[in-house]
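Participant: 3D, please:
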Amino acid sequence: MMRPCLGPRPGVRCGALVSGRSRCGPCQAARYRYRDAQRDPFARRLYGSVAWKRLSTAVVDAADRCAWCGTPKGVVKLTAGHIVSVALDPSRALDPDNVAASCASCQERAKREPDPSKWRGVRA
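Facilitator: Numbers count the residues shown, from 1 in each chain. The predicted structure is shown next:
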């Protein structure tokens, strides 16, 4: 099913028709740039740093499943995320004990609700 592209940022549409996704390639790239420009400067520097890339790669390579829901690595792609948000405690940004491998759905839940004990369907 074809639908109109959502555009690069809220309120701006390009008019292109896309299938199977929400934005055309150029608008998706512009959306990433727009979102990055809105991001906290500390977070932008952190997630672009070599130290974070090394730490996150090591955490994901060492994990065999999502730390929150337990989905195996072969079923989902794992990414590194902070247990205690960087916004809440910037001093723990590069602390290996504060980084866990998680799937995309758990990463999104963590953005909305930072306390995993309040998530439904999460193993203890």
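Participant: Every contact and neighbour count from this point should use C-alpha atoms.
Facilitator: Fine.
Participant: Residue 43 and residue 86 touch, don't they?
Facilitator: Yes - here residue 43 lies in contact with residue 86, judged by Cα atoms under 8 Å, at a distance of 7.4 Å.
Participant: Domains of this protein: list them as residue ranges, please.
Facilitator: 2-38, 41-118 (automatic domain parsing).
Participant: Could you tell me how far the shortest one lies from the centre of the chain?
Facilitator: What that stands for is domain 2-38. In terms of Cα atoms, centre = their mean, to the nearest Å, the centre of domain 2-38 is set 18 Å apart from its chain centre.
Participant: Geometric centre of the protein: which residue is closest?
Facilitator: With distances taken as Cα atoms, centre = their mean, the residue of the chain nearest its centroid is residue 107 (5.6 Å).
Participant: In which helix or strand does residue 60 reside?
Facilitator: helix 50-62 (DSSP states H and E).
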